[in-house]
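Visitor: model this:
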Amino acid sequence: MTLAERLTHYERLMRLDKPIGILLLLWPTLWALWISSNGHPDWIILWIFVLGTVLMRSAGCVINDYADRDFDPHVERTRNRPLAAGLVSKKEALALFAVLVLLSFLLILRLNTLTLQLSVAAVFLAASYPFTKRFFAIPQAYLGVSFGFGIPMGFAAQTGAVPAVAWAMLAANVFWAVAYDTEYAMVDRDDDLRIGIKTSAITFGRYDIQAVMLCYGATLAILAGVGLKLGLRWPYYGGLLAAAGIAAYHYSLIKNRERAQCFKAFLHNNWLGAAIFAGILLNYLAVSLPGILSSF
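Guide: As a prediction, the model looks like this:
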């Protein structure tokens, strides 16, 4: 195997060819960085978190495939992944995971002590999530904590503290993750039932669609409460309204439980996260604009 071929397999193992996971991890982090800084994030901290998101998502994919190496060959959608197909060895996967985690840690060394402490919990969550599918009825909730841990870390990096509003936003992200990853799990439900993996799509059963929509509703309700608590302006709620419209569109995709449409809904969650961020961004622009205009 040439070096170029090996690097291509590593890229696929890290899922760099499928950026949806990076985006679903990045949007909540950006929500937190903008809200914690009142719309003026430290740009060095911002780039540290963006790069850290790419590295930790890649590390999470590697350890996920390592944990599922005996299951993935039996699932139609995952049987050709590099580890499942024998293109990358177990030792290579573990070594790659270690390198990615180390790079992530080196990236945040310049941040404050609280952020460093939270990073230890973040690594534990990323490394342990894949194994929850063996015993936890709704592993997607655990994924939501893992994918949303950039929220308390973002507040810690910007302010040196993690207020109650940060934990509320993390709770909102848990509900969002259950919604979008249930859509994802609906694609693999038959295979997962056959091999004995637990997922929310299996746990919710015939109420899966209702559960997805309730989780979307809980996400938006919590974020609306955050807006009220912080006194955010109308553009923020406009972003939440746009996100609600996107969630309604997802219902139209998943209502018949067709695999391709469920997967399309999962991928489309990028736009839901983006809509919420757009509302946050426009809120702070609306606050700053009068002062900017008056300076001319």
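
Visitor: only C-alpha atoms from now on, for both contacts and neighbour counts.
Guide: Fine.

Visitor: pLDDT weak spots in this structure?
Guide: Residue ranges of the chain with pLDDT under 70: 289-296.

Visitor: please tell me how far the closest residue to Ala137 other than its chain neighbours sits from Tyr180.
Guide: If the residues on either side of it in the chain are set aside, Ala137 comes closest to Lys198, at 5.7 Å by C-alpha to C-alpha, 6 or more residues apart in numbering. Lys198 sits 16 Å away from Tyr180 when distances are taken as C-alpha to C-alpha, to the nearest Å.

Visitor: more crowded one of the two?
Guide: Counted by other C-alpha atoms under 10 Å, Lys198 and Tyr180 do not tie: Tyr180 has more neighbours, with 28 against 21.

Visitor: helices of the stretch 1-150 of the chain, residue ranges please.
Guide: Remark: helices assigned in the stretch 1-150 of the chain by DSSP state H, counting those that start in this stretch are 3-13, 20-36, 43-67, 90-107, 113-132, 139-147, 150-159.

Visitor: of those, which stretch is the most buried?
Guide: Of the helices of the stretch 1-150 of the chain, the one with the most neighbours on average (mean count of other C-alpha atoms under 10 Å) is helix 150-159, at a mean of 26.

Visitor: if you compare the directions of that helix and helix 20-36, what angle comes out?
Guide: Orientation of helix 150-159 against helix 20-36 (axes from the mean of the first three to the mean of the last three C-alpha atoms, to 10 degrees) gives an angle of 40 degrees.

Visitor: who are the packing partners of the following helix or strand past helix 150-159?
Guide: Once the chain leaves helix 150-159, the next helix or strand it forms, by DSSP states H and E, is helix 164-187. For helix 164-187, the elements it packs on are helix 139-147, helix 150-159, helix 200-204, helix 208-230, helix 259-294, judged by 3 or more C-alpha pairs under 8 Å, 6 or more residues apart in numbering; DSSP states H and E.

Visitor: please redo it, this time with the cut-off set to 6 Å
Guide: helix 139-147, helix 200-204, helix 208-230, helix 259-294 (3 or more C-alpha pairs under 6 Å, 6 or more residues apart in numbering; DSSP states H and E).

Visitor: returning to that earlier point: so the residue nearest to Ala137, which of the three states?
Guide: coil (DSSP: H, G, I helix; E, B strand; the rest coil).

Visitor: so what's the residue count around Ala218?
Guide: Ala218, neighbours per other C-alpha under 10 Å, totals 19.

Visitor: relative to Thr159, how far out is it?
Guide: Distance of Ala218 to Thr159, given as C-alpha to C-alpha: 27 Å.

Visitor: try Phe131
Guide: The spacing between Phe131 and Thr159, counted by C-alpha to C-alpha, is 33 Å.

Visitor: likewise Ile45?
Guide: From Ile45 to Thr159 the distance is 11 Å (C-alpha to C-alpha).

Visitor: same question for Ser36.
Guide: 7 Å.

Visitor: please identify the helix or strand for the residue nearest to Lys264 when sequence neighbours are not counted.
Guide: Nearest non-adjacent residue to Lys264, counting by C-alpha to C-alpha, 6+ apart: Leu253, 7.5 Å away. Element membership of Leu253 [criterion: DSSP H and E] is helix 234-254.

Visitor: for that helix, buried residues please.
Guide: 235-244, 246-247, 250-251, 253-254 (16 or more other C-alpha atoms under 10 Å).

Visitor: got the angle for that helix vs helix 259-294?
Guide: Going by the same axes, to 10 degrees, helix 234-254 makes 170 degrees with helix 259-294.

Visitor: what sits up against helix 234-254?
Guide: Gln261, Cys262, Ala265, Leu272, Ala275, Ile276, Gly279, Ile280, Leu282, Asn283 (C-alpha atoms under 6 Å, 6 or more residues apart in numbering).

Visitor: let's see it at 8 Å
Guide: 183, 209, 213, 216-217, 220, 223-224, 227, 261-262, 264-265, 268, 271-273, 275-283, 286 (C-alpha atoms under 8 Å, 6 or more residues apart in numbering).

Visitor: stretch 135-145 too?
Guide: 125, 129, 132-133, 170-171, 173-178, 181-182, 198-200, 203.

Visitor: same question for stretch 45-64.
Guide: 13-16, 21-22, 25-26, 29, 33, 93-94, 96-98, 100-101, 103-104, 107-108, 111, 126-127, 129-130, 150, 154, 157-158.

Visitor: alpha carbons only: can I get that stretch in PDB?
Guide: This file holds the C-alpha atoms of stretch 45-64, laid out as PDB (Å, rounded to 0.1, in the frame of the first residue of the first chain):
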ATOM      1  CA  ILE A  45     -10.200  31.400  20.900                       C
ATOM      2  CA  LEU A  46     -12.600  31.100  18.000                       C
ATOM      3  CA  TRP A  47      -9.900  29.600  15.700                       C
ATOM      4  CA  ILE A  48      -8.700  27.300  18.500                       C
ATOM      5  CA  PHE A  49     -12.300  25.900  18.900                       C
ATOM      6  CA  VAL A  50     -12.800  25.600  15.100                       C
ATOM      7  CA  LEU A  51      -9.600  23.600  14.700                       C
ATOM      8  CA  GLY A  52     -10.300  21.600  17.900                       C
ATOM      9  CA  THR A  53     -13.800  20.700  16.600                       C
ATOM     10  CA  VAL A  54     -12.300  19.200  13.400                       C
ATOM     11  CA  LEU A  55      -9.700  17.300  15.400                       C
ATOM     12  CA  MET A  56     -12.100  16.000  18.100                       C
ATOM     13  CA  ARG A  57     -14.700  15.000  15.600                       C
ATOM     14  CA  SER A  58     -12.100  13.100  13.600                       C
ATOM     15  CA  ALA A  59     -10.900  11.400  16.800                       C
ATOM     16  CA  GLY A  60     -14.500  10.500  17.700                       C
ATOM     17  CA  CYS A  61     -15.000   8.900  14.300                       C
ATOM     18  CA  VAL A  62     -11.800   6.900  14.600                       C
ATOM     19  CA  ILE A  63     -12.700   5.500  18.100                       C
ATOM     20  CA  ASN A  64     -16.300   4.900  17.000                       C
END
